[in-house]
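**Student:** What follows is a predicted structure for the sequence shown.
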Amino acid sequence: MSIWCQKNVESFRHEIDMSAMGDGYIGREVEREEFRRLLQKKTASLVTCQGRRRIGKSRFLAECAQEAEHFLSFMGLPPRENMTRQAQLDAFADQLSKQTKAPRVVLDGWPTAFQLLASQLPSSGALVLLLDEISWMAAGDPDFAGHLKTAWDTQFSRRQRLVLVLCGSVSSWIEENILNNTGFVGRCSWQFRLGPLALPECVKFWGRRGERISTAEKLRLLAVTGGVPRYLEEINPARTAEQNIADLCFNPAGMLFSEFDSSFHDIFTRKADTYREIVRTLVDGPRGVDQISTELDRARGGSLSAALAELELAGFIVRDVPFDPETGGSRPRDARFRLSDNYLRFFLKYVDPVKARIAKGLLKNVALESLDSWDTIMGLQFENLVHANLDLLLVRIGLDKKLVVNAGPYLQKKTLRREGCQIDLLLRTRRSLYVFEIKFRKRIAVSIVDEVREKVRRLKLPKGQSVRTGLIYCGELDPEVDRRDDFDFLVPAEVLLTRK
């Protein structure tokens, strides 16, 4: 690796207290193995990498690039008013001259830039070439994707053992200009999206001291950060979950105090204000598109649907399509959107309304338990974590993922012929339904048994279908719950924090 590239990798490393992490880089083993396979190919590979801001895309790629002989990395300039193509080209030229022997020149367009880059590629050895925040790089040039496609066909694809990675937080740009662009059809060797880290990987950010931290405390902090690596890096194991949250969210200097505004501006630019209003409608729970359009007083047509799709691609919301427990058929017209991003809901619920007071330093020592609807929000956040870690749950209950036909939260609307019910997590196989209740409370009373029994009674079930019930919980479980032997599965939260 060149000296510059080595320093580039090191710049990612210093952000994390490696001694606290123990084993260095955390997680992403499946993705790292796939990337390793590409590095072993003799031919060139074109790769797209997507994921929400702060999810660790650049760090992941720098880590993978350590297994290559060469690493060249270029990043577009962040959005700002009146950003021009020439400004992006100038930034590219600066980065190129620092990493190679190319002179610092004024580039007249992207064809020239890509040609100059191709001329500076080392002639042998595995090479990772990263175009990071590619949508920013393309700003001001509607033909950027076409120029890149030409450069790939005529130059980059001919360089053996080259892995060209197109990376960005604006997933909609990659979808529209690369993945759904007929010019790139058949050219991508791998398209992958980095999601939040799994719960057992999140726990590693507490280091060895994590053994002394309770499951409930870890989950209170994960309820705010989710599995976003950059947020997890900010954890101070010596401070309680409440102190960490206060430091990050209720301190004007805290990272998560201004994260929402900067994220939405960088990803959605001029549409940021509109998208903020959309996600605010989902703070207290999932909504259908009709409910969202009513609350915003705007039509449910093209622009709203496009905005929801873009928010989903960005990793902030998820579209849950319900299914009929009787037939297993999906009901897309009844789809509901929910905030899948834990930080986003916490910020919108508790930080955003009091930003002015926080900016004056008035809420540094806020008592989190005193916040409005605290228990309700913690329950919703815990549900999000469970849904994001469904594979871990399936392992714990001994259910093969290949047997699961449908999975997700379920809402049965009340009609004249049936009663309504809401189920936190409903799984369906060909022969069985699995009804799971998810609870995050200090104490879980025995009444939970009858509550779940009633939900099962209200479900419209297919003939010959078995029903199994489960409780996923964090808190003290009333011993009577176990004695009544009504649940098929009792899953304490701590078993989801470790790999079996």
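**Tutor:** Nice, I can see it.
**Student:** got the buried residues for stretch 491-498?
**Tutor:** 491, 493, 495-497 (16 or more other Cβ atoms under 10 Å). Backbone N, C-alpha and C define where each C-beta goes, glycine included.
**Student:** Just the closest of these to Gln66, please.
**Tutor:** The closest of the buried residues of stretch 491-498 to Gln66 turns out to be Leu497 (Cβ to Cβ; 28.8 Å).
**Student:** And the strands in the stretch 101-250 of the chain?
**Tutor:** 127-132, 162-168, 188-193 (DSSP state E, counting those that start in this stretch).
**Student:** Check the chain too.
**Tutor:** For the chain, the strands defined by DSSP state E cover 45-50, 70-75, 127-132, 162-168, 188-193, 287-288, 317-320, 336-339, 406-412, 421-428, 432-444, 466-477, 489-492.
**Student:** wait, which of those strands is closest to Ala388?
**Tutor:** Comparing the strands of the chain by Cβ to Cβ, strand 317-320 comes nearest, at 9.1 Å.
**Student:** Listing partners with orientation, what would you give for that closest one?
**Tutor:** Each strand paired with strand 317-320, and its direction, by DSSP bridges: strand 336-339 (antiparallel).
**Student:** Contacts for the partner strand, please.
**Tutor:** With contacts defined as Cβ atoms under 8 Å, 6 or more residues apart in numbering, strand 336-339 is touched by 279, 282-283, 285-289, 292, 308, 312, 316-320, 322, 345, 384, 409, 411.
**Student:** Could you list the low-confidence segments of the protein?
**Tutor:** Counting by pLDDT under 70, the low-confidence segments of the chain come to 1-23, 500.
**Student:** Mind splitting it into its structural domains?
**Tutor:** Domain assignment for the chain, taken from automatic domain parsing, gives 3-193, 200-382, 389-497.
**Student:** Please check the contacts of strand 336-339 and keep the buried ones.
**Tutor:** Buried among those by 16+ other Cβ under 10 Å: 279, 282-283, 286-287, 289, 292, 308, 312, 316-320, 322, 345, 384, 409.
**Student:** how close does the residue lying closest to Val203 once chain neighbours are set aside sit to Ser58?
**Tutor:** Counting by Cβ to Cβ, 6 or more residues apart in numbering, Leu497 is the residue found nearest to Val203 once chain neighbours are left out, at 5.2 Å. Computed as Cβ to Cβ, to the nearest Å, the Leu497 to Ser58 distance reads 27 Å.
**Student:** again, but for Trp110
**Tutor:** Trp110 is 21 Å from Ser58, by Cβ to Cβ.
**Student:** got it, and Thr469?
**Tutor:** To Ser58, Thr469 is 44 Å away according to Cβ to Cβ.
**Student:** thought Ala44 was touching Asp153?
**Tutor:** No - taking contacts as Cβ atoms under 8 Å, Ala44 lies outside contact range of Asp153: 10.8 Å.
**Student:** neighbour-wise, which of these two wins?
**Tutor:** Neighbours were counted for Ala44 and for Asp153 using other Cβ atoms under 10 Å; Ala44 has more, 21 against 13.
**Student:** what's the nearest residue to the more buried one if we skip its chain neighbours?
**Tutor:** Leu162 (4.2 Å).
**Student:** Quick one: residues contacting the one you found.
**Tutor:** Here Leu162 is in contact with 44-45, 121, 127, 129, 156 (Cβ under 8 Å, 6+ apart).
**Student:** Then Gly27?
**Tutor:** Contacts of Gly27 by Cβ under 8 Å, 6+ apart are 197-198, 201, 204, 229.
**Student:** one step back: which of Trp110 and Ser58 has more neighbours?
**Tutor:** Shown here are Trp110 and Ser58; by other Cβ under 10 Å, Trp110 has more neighbours (23 against 19).
**Student:** Once you drop chain neighbours, what's closest to the more buried one?
**Tutor:** Residue nearest to Trp110 in three dimensions, not counting chain neighbours: His147, with 4.1 Å by Cβ to Cβ, 6+ apart.
**Student:** Distance check, that neighbour against Gln95.
**Tutor:** Distance from His147 to Gln95, counting by Cβ to Cβ: 17 Å.
**Student:** Also Leu89?
**Tutor:** Computed as Cβ to Cβ, the Leu89 to Gln95 distance reads 11 Å.
**Student:** Which of the two has more residues huddled nearby?
**Tutor:** Shown here are Leu89 and Gln95; by other Cβ under 10 Å, Leu89 has more neighbours (20 against 17).
**Student:** who touches the closest residue to that one other than its chain neighbours in this structure?
**Tutor:** Leaving aside its chain neighbours, Leu89 sits nearest to Leu107 (4.3 Å; criterion: Cβ to Cβ, 6+ apart). Counting by Cβ under 8 Å, 6+ apart, Leu107 touches 89-90, 92-93, 113, 116.
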